[in-house]
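**Student:** generate coordinates for the sequence data below:
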Amino acid sequence: MHNQHSYVKKGLRFLIPLSVAFLLVYSSTQIHAQKLTGWDKRQWRKNIIWLEGMGASAAVGVHYERIFMLGRAFSLRADVGVTPFYLTERFELYAGKSITGIVGGGFYAFPNAFKIGIGCSMLNDFFFDRIPETIVPNDTAHGGNSEMYPAKPYKVRIMPYLVVEATVSNRFVFRAGYSPIIDPANDAQTETYFTHWATLGFGYKFGK
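**Tutor:** Prediction:
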């Protein structure tokens with residue numbers, strides 16, 4: 001009997017710590033699973049396809065954005081896009097005269113459905129003929145004398161942005177913000193233009 005009690009005590013000494021360890025591991029696993037089905041499952045969708053109005057797209061354009069998480073509260077973004085529209089500093093909108101490739105990136109804060117982001121886009125404008133700002137009134141093509149600036153087909157513009165972003169149903173993303181256009185001086189354009197502009201976007205999150 002004494003030996004049986006001794007075996008039982010030894011068994012309990014072994015079984016109780018093992019049971020406690022099992023419960024701790026199981027509970028932590030359940031907590032982690034809850035996090036995955038709640039916060040992480042939404043946040044770790046790392047790809048967004050955007051349909052953007054205004055903003056770097058001038059009128060409308062398509063973007064792809066990749067999300068790089070920095071813990072639970074912050075993330076970095078990298079995006080590429082394209083639009084056939086071009087906006088001048090006088091809010092004149094051109095289509096069919098150029099195509100603009102857009103690259104950029106930003107920093108986003110807050111882990112929940114609402115986020116605030118700051119960043120910058122670079123607009124690479126490729127013109128089928130020439131940059132509109134290199135055409136001047138005395139150009140022979142416009143009834144003037146022979147003075148003409150070189151026909152440059154490429155220019156770069158910069159667009160910093162401040163946006164607010166909202167996620168709905170873990171998939172659909174909406175964005176609105178301020179994104180002025182900084183257009184550096186070139187030839188006939190003797191000064192740097194600063195155009196106040198806004199951005200609106202609708203996106204779809206996917207992938208892991």
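
**Student:** let me see the ranges of the helices in the protein.
**Tutor:** Using DSSP state H, the helices found in the chain span residues 2-35, 41-43.

**Student:** number of nearby residues for I131?
**Tutor:** Residues near I131, counting by other C-beta atoms under 10 Å, number 22. Bear in mind the C-beta positions are built from the backbone N, C-alpha and C, glycine included.

**Student:** what lies in contact with stretch 152-161?
**Tutor:** The contact list for stretch 152-161 (C-beta atoms under 8 Å, 6 or more residues apart in numbering) reads 55-56, 104, 106, 117-131, 134, 177-184, 186-187, 197, 199.

**Student:** hey, what's the nearest residue to F114 once chain neighbours are set aside bridged with?
**Tutor:** In this structure, F114 finds its nearest non-sequential neighbour in A166, 5.4 Å apart by C-beta to C-beta, 6 or more residues apart in numbering. Assessed by DSSP bridges, A166 has beta-bridge partners F114, F174.

**Student:** gap between A166 and R157?
**Tutor:** In this view, A166 and R157 are 28 Å apart by C-beta to C-beta, to the nearest Å.

**Student:** out of those two, which sits in the busier spot?
**Tutor:** R157 (21 against 13).

**Student:** the residue nearest to F114 contacts I116, doesn't it?
**Tutor:** No. In this structure A166 lies outside contact range of I116 using C-beta atoms under 8 Å: 10.8 Å.

**Student:** thank you kindly, that will do.
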